[in-house]
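J.: Sequence and predicted model, in that order:
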Amino acid sequence: MSLAIASVCFLTAQAVAGSDSAPAPAVAPAPLQRVHLADGRSVTGPVLKTTADAVWVDLGFDVLRIPLASVVRQEDVAARATEVTVEDVFRQAALPERSIAEGAAAVEAGVVKIESAAGQGSGFVTSEDGYVVTNFHVVDGETEVDVTLYLKSRNGYDLKTVRKVKVIATNPHLDLALLKMDPPQGVSLTPVYLGDSDDVKVGDRVYAIGTPIGLERTVSNGIVSVDNRTFSGFTHFQITTPINPGNSGGPLFNLRGEVVGVNSSGFIGLQGLNFAIPSRHVIDFLRDRAAWALDTSRPEFGVHYLPAPHKPTAPAADR
């Protein structure tokens, strides 16, 4: 904890309650809360009391006094107990906010690297039976790709590459693709949770995990600059989160560790000007994946626009 930012003081629980020697009467346990600080970090514990100028948090071994000027907001952790909703090939949950360090450690095993003859990108596992979302442009022209998993182990992570993973659905206009792999024997996949992109606000902190230029499990963070930037015919999040070639198809997380976007594009040479596809488009794509099923017998993969009719030629007498 930075003393310059939070100016915290550690006291005993007795000092907070008072210095009287008589035992205090039994009271209800203090509510468990997560206190978010102005520097982006947070403290979780029972809040013993809140005064006009400070919040007092019980850390178990000591009590932390946090000046209110350093507090962004307080969140009741018990009110956001995890409730998982599984919907076919993806899942959602009501998760508590965590620091980026805590969140990344919890979700990064669900992020994968995707490789094909054309190049590489990132993706994320949405179900325990092996569905993976990425960008269409990562798998464009391919029917099978290689997917590398990062399996947690005692030594950190073990890499496991699954060969010939099938591309089963594509939506070129949304720049989304769905893969299906058979999990390796003895391997339990770690799906991520899809969040509600409609809840994302300008200024919200977000972070990306992916494989920029082959640098595996890279975490970068920023904020949402614009929540409805029109790009390629539909709305995107404009984000300051640094992404680079190889991040394409990787997840954009909110502070709850939910995927609220798919990192898709940016301007090379410019900083803090990148774009992500909101998760509402991902959810629609997954629900309607049968309509976007990859059919290699049709070169347009099910998408074909009829030409506009020509304007009728006026009769000679009317010219």
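T.: Done, it's in. The shown structure was predicted, so the numbers you read here are calculated from the model rather than taken from an experiment.

J.: Only the buried residues of stretch 38-53, if you could.
T.: 41-48, 50 (16 or more other C-beta atoms under 10 Å). Just so you know, the C-beta spots here come from the backbone N, C-alpha and C atoms, and that holds for glycine as well.

J.: so Ser225 sits right up against Val200, yeah?
T.: No: when contacts are counted by C-beta atoms under 8 Å, Ser225 is not listed as touching Val200 (11.4 Å).

J.: Run the chain-centre distance for the helix or strand containing Thr44.
T.: According to DSSP states H and E, Thr44 maps onto strand 42-50. Distance, stretch centre to chain centre, for strand 42-50: 27 Å (C-alpha atoms, centre = their mean, to the nearest Å).

J.: What lies in contact with the next helix or strand after it?
T.: Using DSSP H and E, the helix or strand that follows strand 42-50 in sequence is strand 54-58. Surrounding strand 54-58, the residues in contact under the criterion C-beta atoms under 8 Å, 6 or more residues apart in numbering are 11, 13, 16, 30, 33, 35, 43, 45-50, 63-68, 71, 74.

J.: What of stretch 108-125?
T.: Applying C-beta under 8 Å, 6+ apart, the set of residues contacting stretch 108-125 is 131-135, 137-142, 145-152, 157, 179, 189-192, 209-211, 214, 216-217, 219, 246-251, 259, 263.

J.: Can you list which of the residues you listed are found in strands?
T.: 131-134, 145-152, 157, 179, 209-210, 219, 251, 259, 263 (DSSP state E).

J.: show me the contacts for the most centrally placed residue in the chain.
T.: When the chain is reduced to its mean C-alpha position, the nearest residue by C-alpha atoms, centre = their mean turns out to be Phe253, at 1.9 Å. Phe253 makes contact with 103-104, 107, 192, 206-209, 259-260, according to C-beta under 8 Å, 6+ apart.

J.: let's see 7 Å
T.: Residues counted as contacts of Phe253 (C-beta atoms under 7 Å, 6 or more residues apart in numbering) are 103, 107, 206-207, 259-260.

J.: Given the helix or strand containing Gly261, what are its sheet partners and their directions?
T.: For Gly261, the host element (DSSP H and E) is strand 258-266. Sheet pairing of strand 258-266 (DSSP bridges) gives strand 193-194 (parallel), strand 251-253 (antiparallel), strand 274-278 (antiparallel).

J.: Now distance to Leu286 and mean pLDDT too, for those, in a markdown table please.
T.: Below are these laid out as a markdown table (distance: least, C-beta to C-beta, whole Å; pLDDT from 0 to 100):
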| stretch | distance to Leu286 | mean pLDDT |
| --- | --- | --- |
| strand 193-194 | 8 | 97 |
| strand 251-253 | 14 | 98 |
| strand 274-278 | 13 | 95 |
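
J.: Compare these and give me the one nearest Val165.
T.: Nearest to Val165 among the strands paired with strand 258-266 is strand 251-253; the distance by C-beta to C-beta comes to 17.6 Å.

J.: What number of residues are in the vicinity of Thr211?
T.: Residues lying near Thr211 (other C-beta atoms under 10 Å) number 27.

J.: Check the gap between it and Lys49 for me.
T.: Taking C-beta to C-beta, to the nearest Å as the measure, Thr211 falls 47 Å from Lys49.

J.: remind me which residues of the stretch 151-300 of the chain are low pLDDT?
T.: Along the stretch 151-300 of the chain, the model assigns pLDDT under 70 to residues 269, 297-300.

J.: Now do the helices in it.
T.: Applying DSSP state H, counting those that start in this stretch to the stretch 151-300 of the chain gives helices spanning 279-287.

J.: Extract the CA atoms of the one helix or strand Phe124 maps to and return them as CSV.
T.: Assigned by DSSP H and E, Phe124 belongs to strand 119-125. In CSV, the C-alpha atoms belonging to strand 119-125 read as follows (Å, rounded to 0.1, in the frame of the first residue of the first chain):
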residue,chain,number,x,y,z
GLY,A,119,0.2,-16.1,-38.5
GLN,A,120,-0.9,-16.0,-34.9
GLY,A,121,-3.3,-14.4,-32.5
SER,A,122,-5.1,-14.9,-29.2
GLY,A,123,-8.4,-16.3,-28.1
PHE,A,124,-10.3,-17.4,-25.0
VAL,A,125,-12.0,-20.6,-23.8
